[in-house]
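# Quick one, what's the 3D model for this:
(4 chains)
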There are 4 protein chains.
Amino acid sequence: MNYQDVINEVYAELLEIKPEGEVANYIPELAKVNPDKFGINLLTIDGNNYGTGDINDKFSIQSIAKVFSLTLAYNIYGSSLWKRVGVEPSGNSFNSLSQLEYENGIPRNPFINSGALVVCDILFDTLENPKIEMLDFIRKISKNKNINYNEEVAKSEKENGFRNAAHINLMKSYGNIKNDINEILDFYFHLCSVEMTCKELSQSFFFLANRGKINDEEILSVSRTKRLNALMQTCGFYDEAGEFSFLVGLPGKSGVGGGIVAVHPGKYSVVTWGPKLNKKGNSFLGMKALELLTTKTELSIF
Amino acid sequence: MNYQDVINEVYAELLEIKPEGEVANYIPELAKVNPDKFGINLLTIDGNNYGTGDINDKFSIQSIAKVFSLTLAYNIYGSSLWKRVGVEPSGNSFNSLSQLEYENGIPRNPFINSGALVVCDILFDTLENPKIEMLDFIRKISKNKNINYNEEVAKSEKENGFRNAAHINLMKSYGNIKNDINEILDFYFHLCSVEMTCKELSQSFFFLANRGKINDEEILSVSRTKRLNALMQTCGFYDEAGEFSFLVGLPGKSGVGGGIVAVHPGKYSVVTWGPKLNKKGNSFLGMKALELLTTKTELSIF
Amino acid sequence: MNYQDVINEVYAELLEIKPEGEVANYIPELAKVNPDKFGINLLTIDGNNYGTGDINDKFSIQSIAKVFSLTLAYNIYGSSLWKRVGVEPSGNSFNSLSQLEYENGIPRNPFINSGALVVCDILFDTLENPKIEMLDFIRKISKNKNINYNEEVAKSEKENGFRNAAHINLMKSYGNIKNDINEILDFYFHLCSVEMTCKELSQSFFFLANRGKINDEEILSVSRTKRLNALMQTCGFYDEAGEFSFLVGLPGKSGVGGGIVAVHPGKYSVVTWGPKLNKKGNSFLGMKALELLTTKTELSIF
Amino acid sequence: MNYQDVINEVYAELLEIKPEGEVANYIPELAKVNPDKFGINLLTIDGNNYGTGDINDKFSIQSIAKVFSLTLAYNIYGSSLWKRVGVEPSGNSFNSLSQLEYENGIPRNPFINSGALVVCDILFDTLENPKIEMLDFIRKISKNKNINYNEEVAKSEKENGFRNAAHINLMKSYGNIKNDINEILDFYFHLCSVEMTCKELSQSFFFLANRGKINDEEILSVSRTKRLNALMQTCGFYDEAGEFSFLVGLPGKSGVGGGIVAVHPGKYSVVTWGPKLNKKGNSFLGMKALELLTTKTELSIF
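Numbers count the residues shown, from 1 in each chain, chains lettered A, B, ... in the order given. Here you go, the predicted model:
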């Protein structure tokens, strides 16, 4: 089996399909992306890169960035992190606020918005300059200095972020937010505005496929890497985590910018990008591509 | 690494710990079990069995049996099954009935009680004699004719099964139950009353570790086996699925009788039994034992 | 002001309006009623009756009967009743089952279905023959022996009563139902099947307008009469209790058969019947008629 | 019956009772009030005042002020108000945020916090200087220029108002808040900080007992007065509206400062003040006093 052949095959099959769904449009910056963009890029742990399509276009990685902030916070705080945010899937979203209320302001996991906001609050406690240090970390694990926040996207998110403000205020009322709400929201919206290409994203998730290491440097311990992957498996796809696990069988994380990252521990990291989202907010083409990939290779973690 | 050594080590370490929690006591038959029982049994796909402790005592497998009924229904109905039951984790249980209402009587997954009841209803549609055929199937995959329902347990479950009756009536009001409610409940309570030993259970889950096969016979296709394992990973532990995935990193299923089964695809199936349950209803010792096992072997699917 | 003139005026105005909504159709017996029926009947506490339209046709009083069972139980149990059922409005119905779960099986008030089922269970504890004694009581307060259950309606309700069965099973799991579930449901469905005319219903609610008395006989004490009226005011119209209170300003109770009863303490009881229901399950014409009545008379309790 | 005698009797009986509950303590300004204060004051529509106890002490009227803002908004906007806020009781509070979500940002009624915030937003649309004009209106209906906001209370509320901020942000995300969130919150917290005595409050609610009029000036039309009273009846006491209606049988409104106002249309307005609150947040002594009052006078609207 040659990865490039499989990727080409998957890509060719999906060109035949008219993608369903809509591009995210709650902020203008996301709405104006070309809906027909599509790319797949796979990086093996022995360092070979295989890709096809629009793999060198920058796009808004959005919620995928929550994996970066969590990694940084996990390294600093260790398991005491789990006193302030859980590790359980959240079920459907219709009751996210009442669930938060029922559980006294402790979010179910770090990948739902409330959980990611708590992680940002935790980073604010220790980092000197959270926005700069966060970006430095992302640049380091992607081995690329050319990665930046998109200030316009961050600004636009803030102007439309009333629901996130509702969540963070509710958590503050329970004492689970320690710092200034507006500063945390600013940090969070910047985090979500990071732009990367499929190739860059594959590199940045390499360490999760490689037992926590880049070359010989440990980014995250073996045990924590295993746990972070487990968390992505159960909580990485909003209300489609089960479906992704079921169809694809790999841990992963999606973003409303149309990106999806998946990791096959010990083998590879893979990134797809297709801006049209299905009803649950995940990339239509990305879900299909990764399902085809693990079906064709007959390899998944299961 | 020798599995027997690892198991012995885990067993010895846990003997030092005073198990917390309580034996299930909602029916007298479960309450009277010896709370100090404890066993670990691991069966590799090349057929070697490693075990220690009370691995030859029969115990009530309870919800673990939902994997058997699902396997049978999946084989008969294929993917049309997922029109009547979902594949998503359910979040916490405080709103299980309203979630069912919100989603028009379609349970979130086949391992919560409402989902298992729908699977029973589906089997009722095609099997001539569901109780007998179900038992035959369990005997077949465990290669053991000496497996039976416990009629007293089944009777006792029925007498206390008002919450299950609430769920099935609600689903019936949405048209997602086709057969007579009392007959489905009777079938379901019998299913939960099956008794097996750790060794027998390990054998019965062998096919899920072995790409769906026992010897050369296909019990479930490769693709469906992958999916069933993925489902156990995200939904197998009530409101502790994330925790189990996070700590243990294997797909598995627990029961209130104190049993836990986990599967390492391509390697082994493993069963633990310890009747004291933690607050979320999973075996205290079993959770610890499997966490130690994957930590010591440094092997999990992640 | 002459009541007959006002009623005639209201009736005439509503003849001009094409009633919106649909006849209840969850059971065939209700679906086959003539949707154009309409009547208004008012009985003053000095015994004068004023009516127009179809005031002598029998119709299914449905939930209005919950006032009768509550009156009987209140007389027998007194205020200890309120340990098993609350006196608060229930908010909207989207979470009725989870609310019942959250409040440990104690229904919010005796007019939602779960509350009425608890009242039936309470009557079962003391009455020798609940169905007969209940009917005797209704005949007594309406001064009419010609009032009966409709067995076909009761049977049909039972065959479609899965949601009620869900509620009663959930309450049983919390210990708030003492008797056999099927017997309580049978009693409840009979209660809802009672048939009366507008004139008969007006008579049967006379005591609530008349400080608890019929002639000189006390049906309910002054204080309990006040409380029962207060309960109708806040809880008598499902999720439209506020709207009814707001528009009409009288305590009352509606049923899906299209009937509405309202009471002006110290003045009169009034009944309307129009089978087409608005989206919240209350008679379209009845709501309009009673709003016009209190607007034209410039009299409400407020 | 002489009102002064009844009030004296009620007061004397309650002096025998040791009040249960706690003074509101979520802000220091409320926590430091003398918990033993107690007063009752009744003003009849013919202008006679009857009172006893601490009826000339200023206290924080808190949520009682929502009646004033609603009256002003109702006069300006008329029934179009009800497009942005409902008239139904809200059931219990455990799911207030999810209810708001379920109903697309339209609060159930103007007396829950989210509803009062929408009313403030509406006033912001038309008033030149909302804070000043609001205060002018309160001074006018209480015929008293000596009524003011307490700036310290307002400031303290703001510093602890994260839950209110959660509600208003959620409504903003649904488009049901038009103005700047911080300005609305500032207005709202000032509104809640108004301080009045029992006597002053009785006067300010006089128009609701007197068909909307003070002397010959119409504050609110007869029809709207009826509706506002009906709203207080069903929604004025948080999750104890049914209980208050049941025990007292009058429309009313309570505040966490320990005040309660009730209105007997056509007869009187009555105010009690006792800072210790029961578990549902209403004055322990006030509830008892008003129950005794309507029991002793054998007069309620029912």
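# For stretch A:97-105, list every residue counted as buried.
Under the neighbour-count criterion of 16 or more other Cβ atoms under 10 Å in any protein chain shown, stretch A:97-105 has A:97-102, A:105 buried. For glycine as for every other residue, the C-beta is placed from the backbone atoms N, C-alpha and C.
# likewise stretch A:67-79?
Buried residues in stretch A:67-79, counted by 16+ other Cβ under 10 Å: A:67-74, A:77.
# what's the offset of it from the middle of its chain?
Between the mean C-alpha location of stretch A:67-79 and the chain-wide mean there is a distance of 14 Å, by Cα atoms, centre = their mean, to the nearest Å.
# hang on, the earlier thing: among the buried residues of stretch A:97-105, which ones lie close to chain B?
A:99, A:102 (Cβ under 8 Å from any Cβ of the partner chain).
# Just send the buried residues of stretch A:97-105 back as CSV, with secondary structure, pLDDT and distance to D:Lys279 too.
Rendered in CSV, the data for those read as follows (DSSP: H, G, I helix; E, B strand; the rest coil; pLDDT from 0 to 100; distance: Cβ to Cβ, whole Å):
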residue, secondary structure, pLDDT, distance to D:Lys279
A:Leu97, helix, 83, 23
A:Ser98, helix, 79, 20
A:Gln99, helix, 81, 24
A:Leu100, helix, 87, 23
A:Glu101, helix, 83, 18
A:Tyr102, helix, 80, 19
A:Gly105, coil, 94, 21
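# State the pair within the buried residues of stretch A:97-105 that is farthest apart.
Maximum pairwise distance in the buried residues of stretch A:97-105, criterion Cβ to Cβ, is 12.1 Å, between A:Ser98 and A:Gly105.
# A:Arg139 contacts A:Lys145, correct?
Yes. With contacts counted by Cβ atoms under 8 Å, A:Arg139 reaches A:Lys145, the gap being 5.3 Å.
# of the two, who's got more company?
A:Arg139 (16 against 10; other Cβ atoms under 10 Å in any protein chain shown).
# per-residue confidence for the residue of the stretch 201-302 of chain A found nearest chain D?
Of all residues in the stretch 201-302 of chain A, A:Asp239 sits closest to chain D, with a separation of 14.9 Å (Cβ to the nearest Cβ). A:Asp239 is assigned a pLDDT of 77 by the prediction.
# Please report the number of neighbouring residues for it.
By the criterion of other Cβ under 10 Å, A:Asp239 has 22 neighbours.
# A helix includes it, no?
Yes. Remark: A:Asp239 belongs to a helix, assigned using DSSP: H, G, I helix; E, B strand; the rest coil.
# Surely it touches B:Ser90?
No. Using Cβ under 8 Å as the test, A:Asp239 is too far from B:Ser90 to be in contact (10.9 Å).
# among the buried residues of stretch A:67-79, which are in helices?
A:67-74, A:77 (DSSP state H).
# Helix, strand or coil: sort out the spatially closest residue to A:Ile214 that is not a sequence neighbour for me.
Taking Cβ to Cβ, 6 or more residues apart in numbering or on different chains, and ignoring the residues beside it in sequence, A:Ile214 has A:Phe207 as its nearest neighbour in space, at 5.2 Å. Reducing the assignment at A:Phe207 to three states with three-state DSSP gives helix.
# following the helix or strand where A:Glu13 lies, which helix or strand shows up next?
Taking DSSP states H and E as the definition, one finds A:Glu13 inside helix A:3-15. Secondary structure here is assigned by DSSP H and E; on that basis, the next helix or strand after helix A:3-15 toward the C-terminus is strand A:22-23.
# ok, that next one: who's next to it in the sheet?
With DSSP bridges as the test, strand A:22-23 is paired with strand A:276-277 (antiparallel).
# ok now the partner strand, how far from the chain's centre?
Between the mean C-alpha location of strand A:276-277 and the chain-wide mean there is a distance of 16 Å, by Cα atoms, centre = their mean.
# immediately after that strand, which helix or strand?
Using DSSP H and E, the first helix or strand after strand A:276-277 is helix A:284-297.
# Just the buried positions in that next one, please.
A:284-295.
# who's in contact with A:Tyr26?
A:Asn160 (Cβ atoms under 8 Å, 6 or more residues apart in numbering or on different chains).
# Against A:Asn34, how distant is the residue lying closest to A:Ile17 once chain neighbours are set aside?
Nearest non-adjacent residue to A:Ile17, counting by Cβ to Cβ, 6+ apart: A:Lys288, 7.0 Å away. When Cβ to Cβ, to the nearest Å is applied, the distance between A:Lys288 and A:Asn34 equals 19 Å.
# Then A:Glu152?
Counting by Cβ to Cβ - A:Glu152 and A:Asn34 are separated by 17 Å.
# now A:Gly212
The spacing between A:Gly212 and A:Asn34, counted by Cβ to Cβ, is 36 Å.
# the more surrounded of the two?
Of the pair A:Gly212 and A:Asn34, A:Gly212 is the one with more neighbours under other Cβ under 10 Å, namely 20 against 11.
# That one contacts A:Val222, correct?
Yes. With contact taken as Cβ under 8 Å, A:Gly212 and A:Val222 are classed as touching, separated by 5.6 Å.
# Where does the residue nearest to A:Val222 when sequence neighbours are not counted sit, in terms of helix or strand?
What sits nearest to A:Val222 in space, not counting adjacent residues and going by Cβ to Cβ, 6+ apart, is A:Arg211, at 5.1 Å. Following DSSP H and E, there is no helix or strand that holds A:Arg211.
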